[in-house]
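build me a model:
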Amino acid sequence: MELYFTNDFYQQVARLIKKSKDGYQSCIEDIISFIDCSTLEGIVSGNPKLRKFETVQLLKIRLKNSRQKLSKRDGYRLIVVSNTKNQSLSLVYIYPKMGKYAQASISETDELNLLNKFLIESKNQTLRSFDYQLPDFLELFQK
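Numbering: from 1, shown residues only. Sure thing, here's the model as predicted:
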């Protein structure tokens, strides 16, 4: 499975992990842990589909927040685009359900905006790829 992320995802993660007192420091580890234990088929079949276009789907994934010891229900929502044709997963947005930056949900307009931004970055070949080994992924956010 090829992995990518958008600029929106990068900015949101950087904002979440900026201050350890906010309790989001584990979000990168929680994402990597989820990806490590998953297959693309499992991710696609086991998570709610927000939008679907042929082989491309916008999905909402529940993730635990291990730093605050929160369950999947109260942890993060990871918004991803899966493409079963080219076996790729693109991380497009993440938001916490609890804490300083909590969001209840994302609107349909936000879903469409995220999908549109993804399509633009994909077309312009500005999606960032990564090897989902924890040290490599953490390094991206420490620059």
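
which residues does residue 59 bridge with?
Beta bridges link residue 59 to residue 49, residue 80 when assigned by DSSP bridges.

if I pick it, what's in contact with it?
With contacts defined as CB atoms under 8 Å, 6 or more residues apart in numbering, residue 59 is in contact with 43, 44, 47, 48, 49, 50, 79, 80, 81, 82. All C-beta atoms are positioned from the backbone trio N, CA, C, and that covers glycine.

quick check, residue 91 in contact with residue 5.
Yes - here residue 91 reaches residue 5: they are 4.2 Å apart, a contact under CB atoms under 8 Å.

among the contacts of residue 59, find the lowest-pLDDT one for me.
Among the contacts of residue 59, residue 48 carries the lowest pLDDT, at 75.

could you measure the residue of the chain most remote from its centre against residue 10, distance?
Most distant residue from the mean C-alpha position of the chain: residue 21, 21.7 Å away (CA atoms, centre = their mean). Using CB to CB, to the nearest Å, residue 21 is found at 22 Å from residue 10.

and the helices in this structure?
Counting by DSSP state H, the chain has helices at residues 7-17, 27-36, 40-45, 108-123, 134-141.

measure residue 78 to residue 124 for me?
Applying CB to CB, the value for residue 78 to residue 124 is 23 Å.

in terms of neighbours, single out the busier of the two.
Ranked by neighbour count (other CB atoms under 10 Å), residue 78 and residue 124 place residue 78 first, with 23 against 8.

pull the number of nearby residues for the nearest residue to that one once chain neighbours are set aside.
Spatially, and ignoring its direct neighbours in sequence, residue 78 is nearest to residue 61 (4.3 Å; CB to CB, 6 or more residues apart in numbering). If you count neighbours by other CB under 10 Å, residue 61 ends up with 21.

so residue 61 sits right up against residue 75, yeah?
No - using CB under 8 Å, residue 61 is not in contact with residue 75; the gap is 10.2 Å.

so what's the closest residue to residue 23 other than its chain neighbours up against?
Leaving aside its sequence neighbours, residue 23 sits nearest to residue 68 (CB to CB, 6+ apart; 4.5 Å). Residues in contact with residue 68, defined by CB under 8 Å, 6+ apart, are 23, 75, 98, 99.
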